[in-house]
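K.L.:
model this:
(one chain, ligands or ions: 1)
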Amino acid sequence: MPRPQSMRWYERGADAVARVRPDLPRCYICPTGEGSFPPEHAGKLSREHVPPQGLGLASRPLVLICGGCNSRFGSGPDVQMLRVQTLVRFPRGAMQRPERVRMVTGGLTVRTDLSTRDGTYEIVVLPRENDPAIQSRFETEVPELLAEGREFHIQIPGCSEVETTAGWLRVGYLVAFATFGYRYALSDELAPVRAHITDPSGSPLPTYYNAVPEAAESDRWVAAVVDPPDMRSIVVNVAHHRVFLPVPDDAEFYDRRASERQRLGRAARRLRAKAFHWPREPMHLLDFS
Ligand SMILES: [Zn+2]
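P.N.:
Next comes the predicted model:
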């Protein structure tokens, strides 16, 4: 038996579909998969946590999506987002669990477990997974390099940057859906966003994501950029992840942003934006207006 909250969200979503798509029989449309669910199939929908649970970021159920989307995201992108989010906390000495990675520095690559405890770092080189000669060079040379402040890079085997950032695009898209509803989320301008969320490597989409290392983990906001005109967009920020979504009637947004980035680099621009309340449940602001 679906929870009362799910049923309320179902009815509000179905009321919204009736406004936006009066040609359809009564149904709820999964915002990520676009499948439609008549009342007798409402039980196939489940409450999706946004952002995904387990990242150590405040997470709560926000929208209904279908079981197919739920298990597809949970088995792939969510796992990668979790591993990256764990490692993001390494420099601050605040990892919740060890993470197995390839560490690259001083021309050496070794497999290590990284962890932190009470603000100190632990780098454990795994004897069975490394060439002994490289391991012994790493153990003698690298502590000196790190003491000098030399950079190192971390590769996360099995993790793809495009899938991880697409996971954050989904977070931004679901927050925008919860705020504005179907009229926005199912618009033609959002079709490339929906395609990229469903198939990140098959439908590439550039320039929608900014990492914001200086943001706080508690930062949450959704806003519409109104100025400058060429930057008009919906921006969703969760912790140090920022996602840009096009506004209706602007199919050129990402192309424009890509060419501008080529021209100006990543220089910060002053933006003027209108803030919206962070949604706690599906609001469908545009569907009922
Ligand atoms: Zn779905």
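
K.L.:
burial of whichever residue of the stretch 1-150 of the chain sits closest to the ion, as a residue count?
P.N.:
For the stretch 1-150 of the chain, the residue closest to the ion is G33, as judged by CB to the ion, at 2.5 Å. C-betas here are computed from N, CA, C, even on glycine. The burial metric for G33, expressed as a neighbour count using other CB atoms under 10 Å, is 17.

K.L.:
start at 15 instead
P.N.:
I'll keep to 15 as the first residue from here, and by that count the last item is G47.

K.L.:
Secondary structure class of it, three-state.
P.N.:
Under the three-state scheme (DSSP: H, G, I helix; E, B strand; the rest coil), G47 adopts coil.

K.L.:
list the contacts for it?
P.N.:
Neighbouring residues of G47 by CB atoms under 8 Å, 6 or more residues apart in numbering: 79-80, 82-83, 212.

K.L.:
Report pLDDT for it.
P.N.:
Listed pLDDT for G47 reads 89.

K.L.:
that older thread, just give me the closest of the contacts of G47 to S303.
P.N.:
Within these, the smallest distance to S303 is 23.7 Å, found for I79 (CB to CB).

K.L.:
Excluding chain neighbours, give the residue nearest to that closest one in space.
P.N.:
E62 (4.6 Å; CB to CB, 6 or more residues apart in numbering).

K.L.:
Could you do L159 as well?
P.N.:
Excluding the flanking residues, the one nearest L159 by CB to CB, 6+ apart is G120, at 4.8 Å.

K.L.:
thought that neighbour was touching E153?
P.N.:
No - applying CB atoms under 8 Å as the test, G120 and E153 come out as separate, 11.9 Å apart.

K.L.:
Comparing those two, which residue is more hemmed in?
P.N.:
Shown here are G120 and E153; by other CB under 10 Å, G120 has more neighbours (16 against 12).

K.L.:
What separation is there between the more buried one and L140?
P.N.:
Counting by CB to CB, to the nearest Å, the gap from G120 to L140 is 18 Å.

K.L.:
What is the neighbour count of D92?
P.N.:
Other residues lying near D92 total 20 when counted by other CB under 10 Å.

K.L.:
likewise A180?
P.N.:
For A180, the neighbour count with other CB under 10 Å is 29.

K.L.:
do the same with L285
P.N.:
Residues near L285, counting by other CB under 10 Å, number 14.

K.L.:
Find the residue closest to it in space, skipping its chain neighbours.
P.N.:
Counting by CB to CB, 6+ apart, V239 is the residue found nearest to L285 once chain neighbours are left out, at 5.0 Å.

K.L.:
Now do the one you found against the ion, distance only.
P.N.:
Plainly put, V239 is 29 Å away from the ion if you go by CB to the ion, to the nearest Å.

K.L.:
now do E295
P.N.:
Summarising the geometry, the distance separating E295 from the ion, computed by CB to the ion, is 19 Å.

K.L.:
Check I248 and give its pLDDT.
P.N.:
The confidence metric pLDDT takes the value 97 at I248.

K.L.:
Just the element for it, please.
P.N.:
According to DSSP states H and E, I248 maps onto strand 247-252.

K.L.:
For that strand, buried residues please.
P.N.:
When neighbours are counted by 16 or more other CB atoms under 10 Å, the buried residues of strand 247-252 are found to be 247-252.

K.L.:
check those against the ion, which are close?
P.N.:
Intersecting the buried residues of strand 247-252 with the contacts of the ion gives an empty set (criterion: CB under 5 Å from the ion).

K.L.:
List the contacts of the nearest residue to V207 once chain neighbours are set aside.
P.N.:
Once flanking residues are discounted, V207 sits nearest to Y187: 5.8 Å by CB to CB, 6+ apart. Y187 makes contacts with 45-46, 199, 204, 207-208, 211, 257, 259, as judged by CB under 8 Å, 6+ apart.

K.L.:
among these, which are in helices?
P.N.:
Counting by DSSP state H, the members of these that fall within helices are 199, 207-208, 211.
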